[in-house]
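Peer 1: Build me a model:
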Amino acid sequence: MTDQMAIHTAKLTKHYGDVRALVDLDLDIGSGEIFGFLGPNGAGKTTMIRTILDEIRPTSGRASILGMDSHERAVEIRNHIGYVPGDLALYPNLTGKDTLTYFANLRGGVDWDYVDQLEARLGADLSKKVGDLSSGNRQKVGLIQAFMNRPEVLIMDEPSSGLDPLVQREFQAMMREVAAEGRTVFLSSHTLSEVQRVADRVGIIRHGLLIAVEGVSSLRSKAIRTVNLTFESPVDGAIFAALPGVREVAVEDHQVMLSFDGQMETLLKAVTDRFHLLDITTEEADLEEIFLTYYRDEDD
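Peer 2: Presented below is the predicted three-dimensional model:
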């Protein structure tokens, strides 16, 4: 394992004519990290991946994987990574086992006992021709080929496509195991719930621009919470609207519902100083709410 960053980009830019698909992307992803790369379709996620893998050339800037320049040492890099493309294409007339054998030979062999474990964990059927499999079962073959050589860096573009919830859960466990071994996962997705469950940090990309890179816990803490308060007697909603951090107030008899992004300690002190509070519940915002906050001004 190298001491270099697992993935590094410096001012990485890709234009398609007048379309700025990727703009001055600066990003460092360390060893042992699960990094979630979020954005809607067309935001630049796949362009970034294809550029760092030297499938397309950047307009400007540079990228490296495990300290190796992604263009100058592109072939060598392939020996150290596992990759699941967003548009996974496999030979339809080969069985899953034949497909994996083909990739294993390209990589100089693999541990087939480990492949058998992956097959069992994902519930894959490697005896059937790939062309006869459902999209979800084809995706399982794609995941096995990415994991089977125990790569130092896993790069995956929408890898959960077509997987049922139980398989998604097992796949998430596999990603955590990779990170626990000091290896790196780069997970590009718009499946926000998945990223929220496994990622250490997330980057949010919009119109080719990286607009935020933060820890998942830090990102969550900035979100608006829903706070439900129950009092002994009816209260005046106007009092709550004046409190710092309160966005919206709805009052129904003894109950108050707030949209709140301030300090809970401040809110509780203000409430308990004036009223007899019987109960309080909060709903923690998930990553999707935060994500939508970043995209709220997309049309501006």
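
Peer 1: Not counting the longest helix along the chain itself, show me its contacts.
Peer 2: Secondary structure of the chain per DSSP state H: the longest helix is helix 165-180. Outside helix 165-180, the residues within contact range by CB atoms under 8 Å, 6 or more residues apart in numbering are 32-34, 118, 121-123, 136, 140, 143, 147, 154, 159-160, 163, 184-185, 187, 194, 197-198, 200. Using the backbone N, CA and C atoms, a C-beta is placed for each residue, glycine as well.

Peer 1: Can you say which of those are buried?
Peer 2: Buried subset of the contacts of helix 165-180 (neighbour count, 16 or more other CB atoms under 10 Å): 33-34, 118, 121-122, 136, 140, 143, 147, 154, 159-160, 163, 184-185, 187, 194, 197-198, 200.

Peer 1: Outline the domain layout of the chain.
Peer 2: Domain assignment for the chain by automatic domain parsing gives 7-220, 224-283.

Peer 1: Could you dump those domains into CSV with mean pLDDT added?
Peer 2: What follows is the domains of the chain, written out as CSV (pLDDT from 0 to 100):
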stretch, mean pLDDT
domain 7-220, 94
domain 224-283, 87
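
Peer 1: winner for burial among those?
Peer 2: domain 7-220 (a mean of 18; mean count of other CB atoms under 10 Å).

Peer 1: now it: how far from the chain's centre is it?
Peer 2: Counting by CA atoms, centre = their mean, to the nearest Å, domain 7-220 is centred 10 Å from the centre of its parent chain.

Peer 1: angle of the helix or strand where residue 188 lies against helix 165-180?
Peer 2: According to DSSP states H and E, residue 188 maps onto strand 184-189. If you take axes from the mean of the first three to the mean of the last three CA atoms, to 10 degrees, strand 184-189 sits at 140 degrees to helix 165-180.

Peer 1: what packs against strand 184-189?
Peer 2: Judged by 3 or more CB pairs under 8 Å, 6 or more residues apart in numbering; DSSP states H and E, the packing partners of strand 184-189 are strand 34-38, helix 45-52, strand 153-157, helix 165-180, helix 192-198.

Peer 1: now with 6 Å?
Peer 2: strand 34-38, strand 153-157 (3 or more CB pairs under 6 Å, 6 or more residues apart in numbering; DSSP states H and E).

Peer 1: now the angle from that strand to strand 153-157?
Peer 2: Using the same axes, to 10 degrees, the inter-axis angle of strand 184-189 relative to strand 153-157 is 0 degrees.

Peer 1: For strand 184-189, which strands pair with it and how are they oriented?
Peer 2: Paired with strand 184-189 in the same sheet, following DSSP bridges, are strand 34-38 (parallel), strand 153-157 (parallel).

Peer 1: Could you list the residues in contact with the last one?
Peer 2: Contacts of strand 153-157 from elsewhere in the structure, counted by CB atoms under 6 Å, 6 or more residues apart in numbering, are 6, 46, 49, 81-86, 184-188.

Peer 1: Kindly export that strand (C-alpha atoms) in CSV.
Peer 2: Extracted as CSV, the C-alpha positions of strand 153-157 are listed here (Å, rounded to 0.1, in the frame of the first residue of the first chain):
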residue,chain,number,x,y,z
VAL,A,153,-8.8,1.2,-5.0
LEU,A,154,-12.4,0.4,-6.0
ILE,A,155,-14.0,2.9,-8.4
MET,A,156,-17.7,2.3,-8.9
ASP,A,157,-20.3,4.3,-10.9
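
Peer 1: of all the strands paired with strand 184-189, which lies closest to residue 238?
Peer 2: Closest to residue 238 of those, according to CB to CB: strand 34-38, at 38.1 Å.

Peer 1: between the closest one and helix 45-52, how big is the angle?
Peer 2: Strand 34-38 and helix 45-52 are oriented at 130 degrees to each other (the same axes, to 10 degrees).

Peer 1: Check what contacts strand 34-38 and list those residues.
Peer 2: Outside of strand 34-38, the residues within contact range by CB under 6 Å, 6+ apart are 29, 45, 175, 179, 185-188, 195, 198-204.

Peer 1: could you redo the last one with a cut-off of 8 Å?
Peer 2: Strand 34-38 has contacts (CB under 8 Å, 6+ apart) with 7, 29, 45, 48, 175-176, 178-179, 184-190, 192, 195, 198-205, 216, 287, 291.
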